[in-house]
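*Asks:* here is my input; please provide its structure:
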Amino acid sequence: MDIQVRRKQILVEMAQIETMEKGRLTEEYRDSYKEGKPIRLGPYYKYQRWEEGKNISRRIPAPKVEELRKAVEGYHRFQSLAKEYVQLTVEKTRSEFLEGGKKKP
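*Replies:* Take a look at the predicted model:
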């Protein structure tokens with residue numbers, strides 16, 4: 001695929017990401033006993049992120065999990081697309097200016 005075409009596609013994909021949130025969302029379970037028998041409680045959902053050098057952690061109610069999961073995935077997808085965009089732009093720059101393509105813009 002042409003580099004310029006892919007770069008444009010990446011920008012379109014980035015613009016389609018509606019929500020983003022840094023951090024991580026995990027499921028936790030607790031072992032307990034009921035009437036002398038071991039049981040597993042959960043899942044409980046925990047959201048963690050780094051903010052101003054501190055690890056912030058909080059529980060998320062089940063009805064909000066999918067919304068937050070989508071935002072966290074949106075952030076990671078955006079980061080992945082940005083990394084690809086940078087790589088393609090570097091590749092384009094090198095082919096144009098360092099390997100005998102265009103002389104100057």
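*Asks:* top strand in this structure by residue count?
*Replies:* Ranked by residue count and defined by DSSP state E, the top strand of the chain is strand 37-51.
*Asks:* list of residues touching that strand?
*Replies:* 21-33, 55-62, 65, 68 (CB atoms under 8 Å, 6 or more residues apart in numbering). The way it works is simple: take the backbone N, C-alpha and C, and place the C-beta from them, glycine included.
*Asks:* of those residues, buried ones?
*Replies:* 21, 23, 25, 60, 68 (16 or more other CB atoms under 10 Å).
*Asks:* could you give the bridge partners of the closest residue to the second one other than its chain neighbours?
*Replies:* With sequence-adjacent residues excluded and distances taken as CB to CB, 6 or more residues apart in numbering, G23 is closest to R49, at 3.1 Å. Each beta-bridge partner of R49 is listed here: I56, as defined by DSSP bridges.
*Asks:* next, count neighbours for S95.
*Replies:* 13 (other CB atoms under 10 Å).
*Asks:* retrieve the pLDDT associated with E96.
*Replies:* At E96, the pLDDT value in this model is 85.
*Asks:* so it: helix, strand or coil?
*Replies:* helix (DSSP: H, G, I helix; E, B strand; the rest coil).
*Asks:* look up how far I3 lies from it.
*Replies:* 10 Å (CB to CB, to the nearest Å).
*Asks:* same question for Y44.
*Replies:* From Y44 over to I3 (counting by CB to CB), the distance is 46 Å.
*Asks:* what comes up buried for stretch 78-95?
*Replies:* Buried-residue list, stretch 78-95, by 16+ other CB under 10 Å: 81, 85, 88.
*Asks:* and the longest helix along the chain, what does it pack against?
*Replies:* Longest helix of the chain, by residue count under DSSP state H: helix 65-93. Judged by 3 or more CB pairs under 8 Å, 6 or more residues apart in numbering; DSSP states H and E, helix 65-93 is in contact with helix 3-15, strand 24-34.
*Asks:* what's near enough to touch the residue nearest the centre of the chain?
*Replies:* By CA atoms, centre = their mean, the chain has its centre lying nearest to H76, at 1.2 Å. Contacts of H76 were listed using CB under 8 Å, 6+ apart, and none were found.
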